[in-house]
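A.B. asks: The sequence and its predicted three-dimensional model are supplied below.
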Amino acid sequence: MNNELFDALSQLEKEKGISKETLIDAIEAALITAYKKNFGSAQNVKVTINRDNGSVKVYSRKEVVENVENELFEISLEDAKKIDPNYEVEDIVEKEVTPRNFGRIAAQTAKQVVVQRIREAERNVIFEEYVNRESEIVTGIVQRISKGTVYINLGKIEAVLLANEQIQGEIYKHGVRLKTYIVEVKKTTKGPQIVVSRTHPGLVKRLFELEVPEIHDGTVEIKGVSREAGSRTKIAVYSSDPNIDPVGACVGQRGARVQNIVDELRGEKIDIIKYDEDPAKFISNSLSPSKVLKAVINDTSNDKSALVVVPDYQLSLAIGKEGQNARLAAKLTGWKIDIKSESQYEGSLEA
């Protein structure tokens, strides 16, 4: 190997941040394998690369012993002393065994190692970039769809949108720009894998952070999100500033802000709920768009439940289609909610 290789290694150290010494150590280790493979040798060997002139040398290594049991790995003390009288038992005797044409093999091996390490370094850079972006939104372009999995081009890497992270009924077409939520970034043998989601409640939360400046700057706080992706989401918002209407800030002028989010989620309905420290008020708010006449709280150590009374004509609205409104409200508040119409409630009191 020549000095051009060392110049290239020095350049890589500057550009890719790969230590020159680490690369040389890796090349030496690869050359040991290459030597054994190409020359059918099973003996212990050491490969050294001269840092000044790039010359490569191979040395066999044998341990000095009293009685030789394996000639590939051992040398008798008697024979060792013929080489150098200072050798003692357990010393290692090294002898140069560099093949005549080993320089060509060394050059090929070095190139392979360098290419591999560059690839690993680039993968590590991408991994480090995205592992710190877990729970964030990324925008990409649908690249391809294979066996139900959607692959999204993020620029440097593809993200994977698995079937269980896709919104039911949502159609993903090639070339369409899509916002997704990073669920997990993991290392694989093929490089970093970025798993994204369209169904995660965090996607809605991040979309509101992008769309509503008051959330981004902390004036308005998101207290919770409950979601049935593709159908409906409830999001609880709060502001410690009495002059700020948290719901109004999220809705935006003429509903522009929330409409942008609804459009991004392909028409998913969004209920923006005002959070309240008082559980009765929060539970009442969470059942929006239904009106609540009364909420009775049962807060014991074993049971966090609430009885909610709504007007007779709004019972089905409060419960929602297939119980969805009540289910999302319960998930959002963390309370079990029993909904009764006004007449049902009055009947139970009379009974």
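C.D. replies: Thanks, I have it. Numbers count the residues shown, from 1 in each chain.

A.B. asks: nearest residue to Gln314 other than its sequence neighbours?
C.D. replies: In this structure, Gln314 finds its nearest non-sequential neighbour in Ser290, 4.9 Å apart by Cβ to Cβ, 6 or more residues apart in numbering. Placement of C-beta: from N, CA and C, glycine included.

A.B. asks: helix, strand or coil for the one you found?
C.D. replies: Secondary structure for Ser290, judged by DSSP: H, G, I helix; E, B strand; the rest coil, is coil.

A.B. asks: Do you know the pLDDT at it?
C.D. replies: pLDDT for Ser290: 95.

A.B. asks: Surely it touches Ser316?
C.D. replies: No. Here Ser290 does not reach Ser316: they are 9.0 Å apart, not a contact under Cβ atoms under 8 Å.

A.B. asks: of the two, who's got more company?
C.D. replies: Higher neighbour count among Ser290 and Ser316: Ser290, with 21 against 13, using other Cβ atoms under 10 Å.

A.B. asks: quick check: longest strand of the chain.
C.D. replies: As assigned by DSSP state E, the longest strand anywhere in the chain is strand 177-188.

A.B. asks: and that strand, which strands flank it?
C.D. replies: strand 137-146 (antiparallel), strand 191-197 (antiparallel) (DSSP bridges).

A.B. asks: Domains in the chain, by residue range?
C.D. replies: 3-130, 133-197, 200-275, 278-351 (automatic domain parsing).

A.B. asks: SS state for Ile339?
C.D. replies: Classification of Ile339 by three-state DSSP places it in strand.

A.B. asks: Leaving out the residues flanking it, which one is nearest to Asn44?
C.D. replies: Of all residues not flanking Asn44 in the chain, Arg61 sits nearest, at 4.3 Å (Cβ to Cβ, 6+ apart).

A.B. asks: which residues pair with the one you found across the strands?
C.D. replies: Note on Arg61: beta-bridge partners Glu94, judged by DSSP bridges.

A.B. asks: Settle this for me: it is touching Glu94, isn't it.
C.D. replies: Yes. Arg61 is within contact range of Glu94, at 5.5 Å (criterion: Cβ under 8 Å).

A.B. asks: Touching both of those two, which residues are there?
C.D. replies: Lys46 (Cβ atoms under 8 Å, 6 or more residues apart in numbering).

A.B. asks: How is Gln324 assigned, secondary-structure-wise?
C.D. replies: helix.

A.B. asks: Now the strands paired with strand 177-188 in TSV, please, with extra columns for mean neighbour count and mean pLDDT.
C.D. replies: Output for those, formatted as TSV (neighbours: other Cβ atoms under 10 Å; pLDDT from 0 to 100):
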stretch	mean neighbour count	mean pLDDT
strand 137-146	15	95
strand 191-197	20	93
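
A.B. asks: Dump the ones you listed into a markdown table; add distance to Ile18 as well.
C.D. replies: Below are the strands paired with strand 177-188 laid out as a markdown table (distance: least, Cβ to Cβ, whole Å):
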| stretch | distance to Ile18 |
| --- | --- |
| strand 137-146 | 27 |
| strand 191-197 | 16 |
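
A.B. asks: and the helix ranked longest in the chain, how far from the chain's centre?
C.D. replies: The longest helix of the chain (DSSP state H) is helix 102-131. With Cα atoms, centre = their mean, to the nearest Å as the basis, helix 102-131 stands 23 Å off its chain's centre.

A.B. asks: Around Val247, how many other residues sit close by?
C.D. replies: Val247: 20 surrounding residues under other Cβ under 10 Å.

A.B. asks: That one and Ser286, how far apart?
C.D. replies: 13 Å (Cβ to Cβ, to the nearest Å).

A.B. asks: same thing with Arg123?
C.D. replies: Per Cβ to Cβ, Arg123 is found 45 Å from Ser286.

A.B. asks: Have a look at those two and say which one is more surrounded.
C.D. replies: Ser286 (31 against 16).

A.B. asks: ok, now which ones touch the spatially closest residue to the more buried one that is not a sequence neighbour?
C.D. replies: Once flanking residues are discounted, Ser286 sits nearest to Ala329: 3.9 Å by Cβ to Cβ, 6+ apart. Listed by Cβ under 8 Å, 6+ apart, the contact partners of Ala329 are 226, 234, 283, 286-287, 337.

A.B. asks: Now list whatever residues contact both of Val247 and Ser286.
C.D. replies: Residues touching both Val247 and Ser286 (Cβ under 8 Å, 6+ apart): Ile273.

A.B. asks: tally of neighbours for Val97?
C.D. replies: Val97 has 15 neighbours, counted by other Cβ under 10 Å.

A.B. asks: who's in contact with it?
C.D. replies: Here Val97 is in contact with 41, 45, 58-60 (criterion: Cβ under 8 Å, 6+ apart).

A.B. asks: Highest neighbour count among those?
C.D. replies: Counting neighbours by other Cβ under 10 Å, Val58 leads those with 21 neighbours.

A.B. asks: for that one, helix, strand, or coil?
C.D. replies: Relying on three-state DSSP, one would call Val58 strand.
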